[in-house]
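Engineer: A predicted structure for the sequence below; I have some questions about it.
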Amino acid sequence: MNADEFRRAGHDAVDWVADYLERVEALPVRPSVVPGEVRSMLPPHPPESPQPWSAILADLDRIVLPGVTHWQSPNFFGYFPANASGPSILGDLVSSGLGVQGMLWATSPACTELETHVLDWLVELLGLPDHFRGNGVIQDSASSATLCAILAARDRVSPTVDRAKLPAYRSTS
């Protein structure tokens, strides 16, 4: 895919997402498909040649949407909100386009410094003490955030409790 093809397909994809967000409230929140129904609409073997982009977008409407739980629907009140707003979708697009690997400062100084700075703004907005500044990171999942909270709680009590009695992870190998 060259740059012009990418540009045209990207415009089509953004239009498709915008149309979806405009109509999501009218879609059934939960799919009415049965197990295997979505898969049965897919080709049994890998394609030997690419499909036109217009066919792929049509498959989103024909195959994917009927089998999706519409987390973006204002009628959906289960689990937790998806919160995928227009600005966050555009941010995802830019993030995917850049393909940044931001695990360390050395792998992406801009990513690391931007993340830390925005979290410093959050410290200010929440009225937290200054010692929270410059130390923030965004966790990639609820699980890793919970683990960090458990480790922080363990470290807070470790001066008064034997740390060996508070393992966060233990392996027999």
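Structural biologist: Structure received. Residues are numbered from 1 along each chain as shown.

Engineer: ok, now how distant is the closest residue to residue 63 other than its chain neighbours from residue 59?
Structural biologist: Spatial nearest neighbour of residue 63, chain neighbours left out: residue 41 (4.7 Å); criterion: CB to CB, 6 or more residues apart in numbering. In this view, the C-beta of every residue, glycine as well, is placed from N, C-alpha and C. Distance, residue 41 to residue 59, using CB to CB, to the nearest Å: 8 Å.

Engineer: all helices of this structure, in order?
Structural biologist: 3-23, 37-40, 53-59, 86-98, 109-126, 142-157 (DSSP state H).

Engineer: low-confidence ranges in the protein?
Structural biologist: Applying pLDDT under 70 to the chain flags residues 81-83, 136, 166, 168-171, 173.

Engineer: let's see it at 90
Structural biologist: 1, 70-92, 95, 100-105, 111-116, 118-119, 122-123, 126, 128-173 (pLDDT under 90).

Engineer: Could you find the closest non-adjacent residue to residue 38?
Structural biologist: Using CB to CB, 6+ apart, the closest residue to residue 38 is residue 67 (4.1 Å).

Engineer: Would you confirm that that neighbour contacts residue 31?
Structural biologist: Yes: if you go by CB atoms under 8 Å, residue 67 and residue 31 touch, sitting 4.9 Å apart.

Engineer: what sits in contact with each of those two?
Structural biologist: Common contacts of residue 67 and residue 31 (CB atoms under 8 Å, 6 or more residues apart in numbering): none found.

Engineer: For the residue nearest to residue 63, grab the count of nearby residues.
Structural biologist: 14 (other CB atoms under 10 Å).

Engineer: Can you verify my assumption that it contacts residue 60?
Structural biologist: No: look at residue 41 against residue 60 with CB under 8 Å: they stay out of range, at 11.9 Å.

Engineer: Run a quick neighbour tally on the nearest residue to residue 9 once chain neighbours are set aside.
Structural biologist: Of all residues not flanking residue 9 in the chain, residue 53 sits nearest, at 4.8 Å (CB to CB, 6+ apart). By other CB under 10 Å, 15 other residues sit near residue 53.

Engineer: OK, contacts around residue 53?
Structural biologist: So, once contact is read as CB under 8 Å, 6+ apart, residue 53 ends up touching 8-9, 12.

Engineer: hmm, back to that, any idea how far the residue nearest to residue 38 lies from residue 37?
Structural biologist: Separation of residue 67 from residue 37 (CB to CB): 7 Å.
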